[in-house]
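A.B. asks: Build me a model:
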Amino acid sequence: MKLKFDILVVGGGPAGCAFALGLINLNPQLRILILERGDYLRPRVGETLPPQCRVLLERLGIWEEFLLGNHLPAFGSLSSWGSEHAVSQEFLTSVERNGWHLDRNRFDRFLADQVRERGVELWENSTFQEANHLETGGWILVSEGKEIQCQILVDATGRSAGISRLAGANVLLFDRLVGTMAILESGSQLNRDTLVEAAAEGWWYSALLPDQKMAAAFFTDANQVKLLEIQNSEGWVNQLQTAPLTQARLSGLFQPENLHLRTWPAQSQRSDQVIGRDWLAVGDAAAAFDPLSSQGIFFALRSGLMGAFAAIDLLEGGETAQSACQKYSFSQLEQFMGYWEVKRDFYAMEQRWADRPFWRLRQGKIALSPTDKLILQPASHKKCLFFSPTDLGYLRNSYPGGATAAEFMAALRKIRPDLPPGHALEGLQMLVEDGFATQNIPELQS
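C.D. replies: Model (predicted):
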């Protein structure tokens, strides 16, 4: 028996649930199914909800219900960045004077319950084993032995962007940041501020959680995790000793032999396509931000809500659908580019360890000249930053003997009109840093 839905959402996190809530508010008659691979019991990353999320929760129609959850208020953050001293950054400029420290499992379960109460079907412990795109439009998926047909397929799978990849999108990575976290018993600690502290090999994050718990995480690049043995308690504690403020905060909260560490990807990334005539991506599947921005859950809710409007237009078809594709694509790209500029400037503020591998890659200094000649190396299994394998293949075929940075940028403009010139040059420099290209600097003429 084939089950038919108007919309099928793969992923029941904040983005997927916000999309479904926004959509059902726009058209209560739509049949919507969410496939959630978990059961909201496994620990989830992302613990702070910024004040501006109130507007989104109100638009989704769940603000009053959210308040009943008694989440722990968050009044601001302390940041030791560019200096050994901690600077307080409070939420006083926001209409809503505080954010919230979340129990992510409880928050995500709350969103799932709100979705179900509004008539949306949500299957837990469910994913799909097969997905087929119909020539006439729409999709047929096989999930747990059941065939499901839908008009619109929504990718809310997070950083894996599984549906987007099936639809032909490429996921572009912009760094290789990962986080390694421990959940500790916080006892009666009264300081509710989030603490961010830069260190020689990366940076630390710590924040109180409900039920007298604390999240503490160290962020660095993936290759450094192995080199510094961060996934082992000894390596994690060794890095903690390089961050005096975080070390003092965590003092007495754990024994190294009892640490339970979890490592997860935290890189900045975006999909080069986020919407088609019968699919779209929301949340991290569309674009994922550095945890330093504290925008992860906010963006998930916002993109879910924006995606709901786009889906309504896709169902209309014709010129309305075409316009929706253009507007949604532009809005997602614009938001990511704005985020990237702020992120780059913020990382560049930290100059104390500018020669260390982690910080050297984040200084935002363009050393590559447009006249420098680059020779691309043969393809490898390693995934490059800024560009897709298709982009690199095109550049290799266009200039097998190499070319100047300016010539490569001109070639990129033909296939990647979405890429600003400064971003393209930064990407070419990263190819050199990562060993995907060699750089030959022209000799000065006497």
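
A.B. asks: Counting neighbours, what do you get for residue 130?
C.D. replies: 9 (other CB atoms under 10 Å). The way it works is simple: take the backbone N, C-alpha and C, and place the C-beta from them, glycine included.

A.B. asks: again, but for the one 10 residues further on
C.D. replies: The number of residues packed near residue 140 is 17, by other CB under 10 Å.

A.B. asks: The one 5 residues further on now?
C.D. replies: Neighbour count of residue 145, defined by other CB under 10 Å: 6.

A.B. asks: Surely residue 181 is in contact with residue 214?
C.D. replies: No - the criterion here is CB atoms under 8 Å, and residue 181 misses it with residue 214 at 10.5 Å.

A.B. asks: overlap in contacts of the two?
C.D. replies: Residues touching both residue 181 and residue 214 by CB atoms under 8 Å, 6 or more residues apart in numbering: none at all.

A.B. asks: what are the phi and psi values for residue 12?
C.D. replies: Main-chain dihedrals, residue 12, degrees, to the nearest 10: phi -110, psi 30.

A.B. asks: which non-adjacent residue is nearest it?
C.D. replies: Excluding its sequence neighbours, the residue lying closest to residue 12 (CB to CB, 6 or more residues apart in numbering) is residue 36, at 3.0 Å.

A.B. asks: Now do that neighbour: how many residues are near it, please.
C.D. replies: Neighbours of residue 36 under the rule other CB under 10 Å: 23.

A.B. asks: Ok, residue 151 next?
C.D. replies: 20.

A.B. asks: Check residue 217 too.
C.D. replies: Residues lying near residue 217 (other CB under 10 Å) number 26.

A.B. asks: Run through the bridge partners of residue 270.
C.D. replies: Assessed by DSSP bridges, residue 270 has beta-bridge partners residue 172, residue 287.

A.B. asks: was I right about it contacting residue 285?
C.D. replies: No - the criterion here is CB under 8 Å, and residue 270 misses it with residue 285 at 9.7 Å.

A.B. asks: quick one, which of those two is more surrounded?
C.D. replies: Shown here are residue 270 and residue 285; by other CB under 10 Å, residue 285 has more neighbours (32 against 28).

A.B. asks: hang on, the more buried one packs against residue 156?
C.D. replies: Yes - judged on CB under 8 Å, residue 285 makes contact with residue 156 at a distance of 6.1 Å.

A.B. asks: The worst-scoring helix or strand of the chain on mean pLDDT pairs with which strands, parallel or anti?
C.D. replies: When each helix and strand of the chain is scored by mean pLDDT, DSSP states H and E, strand 87-90 comes last, with a mean of 74. Sheet pairing for strand 87-90, assigned by DSSP bridges, gives strand 76-80 (antiparallel).

A.B. asks: How far off centre is the strand it pairs with?
C.D. replies: Relative to the mean C-alpha coordinate of its chain, strand 76-80 is positioned 22 Å out (CA atoms, centre = their mean, to the nearest Å).

A.B. asks: before we move on, what about stretch 118-129?
C.D. replies: For stretch 118-129, the distance to the chain centre is 23 Å (CA atoms, centre = their mean).

A.B. asks: quick check: mean pLDDT across that stretch?
C.D. replies: Taken as a whole, stretch 118-129 has an average pLDDT of 95.

A.B. asks: okay, and the common contacts of residue 285 and residue 156?
C.D. replies: Counting by CB under 8 Å, 6+ apart, the residues touching both residue 285 and residue 156 are 11, 15.

A.B. asks: Name whatever forms a beta bridge with residue 197.
C.D. replies: Beta-bridge partners, per DSSP bridges, of residue 197: residue 80, residue 204.

A.B. asks: Show the contacting residues for it.
C.D. replies: Residues in contact with residue 197, defined by CB under 8 Å, 6+ apart, are 79, 80, 81, 86, 203, 204, 243, 245, 246.

A.B. asks: from those, which single one is nearest residue 128?
C.D. replies: Nearest to residue 128 among the contacts of residue 197, counting by CB to CB, is residue 203 at 36.9 Å.
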